[in-house]
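Enquirer: My questions are about this predicted structure, shown below with the sequence.
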Amino acid sequence: MEGTAEENEKMFSPRFWILCGSTVLFMASFGMVLPELPDFLEELGRPDLIGWIVGLFTVGAFFSRFLSGRIADLAGRRPVMLFGTWVTTIAGICYIGVGAMKGDAVWSGVPVAVWFFLALRLFHGLSTGFRPTGTTAYITDITPLKRRGEALGYLGVAGNAGMAGGPAIGSWLTVEYGYDAMFMASSALGLIALLMTLKLPETLKGGRSVRWGDLNVFRGPVLDWTSWPAALGLLPVAFAFGTFLTISPDFVGSLGYVYKGTFNTIIVFASISMRLLAGRASDRHGRVPLLMAGGLMLAIGMFGLSWADSKLTAALAGIVYGMSIGINMPTIMAWTADLAQPGKVALAMGTMLMSLELGIGFGAVFSGYWFQGDVAAISMLYATAGMLGLIGFLVLIVLKRRIPDPRADALRQQKQS
């Protein structure tokens, strides 16, 4: 169903494109460091802590969700986006400081530089705990309801573009110029994203300045349980992503990739190809049918990676996995907005994204614990993620009629009338 000219103009306004552009840079900023952090941690002296690279990041993101959603619904979308972007800008410079601390200093059996690195990963997680919550709420404010899935699909394309270019550029900078150059580039991209975000007007009606009381998690709601179906549907997707982020750098390294970020780029471009279609498809057919397709592709992609033994087979499986992300993420975000109570879209988004952090964190820590540098364990870990994706697919089939899907209900009512 095509929108009216007025709806198209509202959706594709300059602020829509500024938001998407700043999202590209934000995602590139924190994404470019991911493929190189395992080797960076090894240089610091504790490669066995690889699971905590992603795990602590998601812990920081998870706990910040208790604040970001409520602040976005009370004070506005803009301050939440700005804070998250500030964090990623500062973090890049801090990594350089951690690298300069390498030495013999040890505390409780762990190099001091490693302690600071782990603390920095926790801090860096605040960036994705705040920025995406405000961004998705902002999109729902400026987008017609009939095109919500499509708009979130385009936003996902922007995020994926950053995640495609960021790791590739980061790996190239690291190989050619070293870690400091890569970390400086990360901060520079974050700063540009911050300047672009400053140009965006507030969209929350009645928004106010942030108050100290907004930081009290025991005062007022911090969760919106209406989003629970989307949050549960996200768990296998998030677990697979946490597993992928943790073990893929070593996996692709064992296959002979010199620029490890190149493999991430393949995944992300596959995701982009589907995001251009999936958001609109979920607007036309409902959220649950699209998630069924996404869950099946997730299982196929993960099982394919568990069997891959060459660059070609890994790339083919990675393309299928990337396509599953492109289907699942915009559909789940649109589904969350559909389920949200009036005036609590950001709170619902924050609640759903907490599920994302839980899944990613558990996937990262679980895979990191079992992996610990043993390449032979990679196949089992990918297969575990594939099995969870298959279980999610089967649950959706069995419970399809019982799972709330407001968009599908609205489409059925339109056909009957």
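Expert: Structure received.
Enquirer: Could you double-check that residue 56 sits in contact with residue 123?
Expert: No - contact criterion Cβ atoms under 8 Å: residue 56 and residue 123 do not qualify, at 9.1 Å. Backbone N, C-alpha and C define where each C-beta goes, glycine included.
Enquirer: okay, these two: which has more neighbours?
Expert: Comparing residue 56 with residue 123 by neighbour count (other Cβ atoms under 10 Å), the higher total belongs to residue 56, at 23 against 16.
Enquirer: do you know how far that one is from residue 118?
Expert: Note on residue 56: its distance to residue 118, by Cβ to Cβ, to the nearest Å, is 6 Å.
Enquirer: Residues in contact with the helix or strand encompassing residue 186: which ones?
Expert: Element membership for residue 186, per DSSP states H and E: helix 179-198. Helix 179-198 has contacts (Cβ atoms under 8 Å, 6 or more residues apart in numbering) with 18-19, 21-23, 25-26, 28-30, 32-33, 36, 40, 78, 81-82, 85-86, 88-93, 95-96, 99, 166, 169-170, 173-174.
Enquirer: can I get the CA coordinates of that helix in CSV?
Expert: Listed next in CSV are the C-alpha coordinates belonging to helix 179-198 (Å, rounded to 0.1, in the frame of the first residue of the first chain):
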residue,chain,number,x,y,z
TYR,A,179,45.5,0.7,16.7
ASP,A,180,45.8,4.4,17.6
ALA,A,181,44.9,5.5,14.1
MET,A,182,41.8,3.3,14.1
PHE,A,183,40.7,4.5,17.6
MET,A,184,41.2,8.2,16.5
ALA,A,185,39.0,7.6,13.4
SER,A,186,36.3,6.1,15.7
SER,A,187,36.2,9.2,17.8
ALA,A,188,36.2,11.5,14.7
LEU,A,189,33.2,9.7,13.3
GLY,A,190,31.4,9.9,16.6
LEU,A,191,32.1,13.7,16.7
ILE,A,192,30.6,14.2,13.3
ALA,A,193,27.6,12.2,14.2
LEU,A,194,27.2,14.4,17.3
LEU,A,195,27.3,17.6,15.3
MET,A,196,24.7,16.3,12.9
THR,A,197,22.4,15.2,15.8
LEU,A,198,22.6,18.7,17.3
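Enquirer: mind listing what's buried in that helix?
Expert: By 16 or more other Cβ atoms under 10 Å, the buried positions in helix 179-198 come out as 179-180, 182-187, 189-194, 196-197.
Enquirer: give me the low-pLDDT residue ranges for this protein?
Expert: 1-12, 217-218, 220-222, 258-261, 417 (pLDDT under 70).
Enquirer: And residue 110, its phi and psi?
Expert: Dihedral pair for residue 110: phi -120, psi 130, per degrees, to the nearest 10.
Enquirer: about what we covered before: okay, and which of the contacts of helix 179-198 map to helices?
Expert: Judged by DSSP state H, helices contain the following of the contacts of helix 179-198: 18-19, 21-23, 25-26, 28-30, 40, 78, 81-82, 85-86, 88-93, 95-96, 99, 166, 169-170, 173-174.
Enquirer: got the contact list for the spatially closest residue to residue 257 that is not a sequence neighbour?
Expert: Spatial nearest neighbour of residue 257, excluding adjacent residues (Cβ to Cβ, 6 or more residues apart in numbering): residue 263 at 5.8 Å. Contact analysis of residue 263 by Cβ under 8 Å, 6+ apart lists 248, 252, 257, 314, 315, 318.
Enquirer: Surely the fourth one is in contact with residue 308?
Expert: Yes - taking Cβ under 8 Å as the contact criterion, residue 314 and residue 308 are neighbours in contact, 4.0 Å apart.
Enquirer: joint contacts of the two?
Expert: Here residue 314 and residue 308 have residue 255 as joint contacts, going by Cβ under 8 Å, 6+ apart.
Enquirer: Residue 208 contacts residue 71, doesn't it?
Expert: No - Residue 208 lies out of contact with residue 71 (Cβ under 8 Å); the separation is 10.5 Å.
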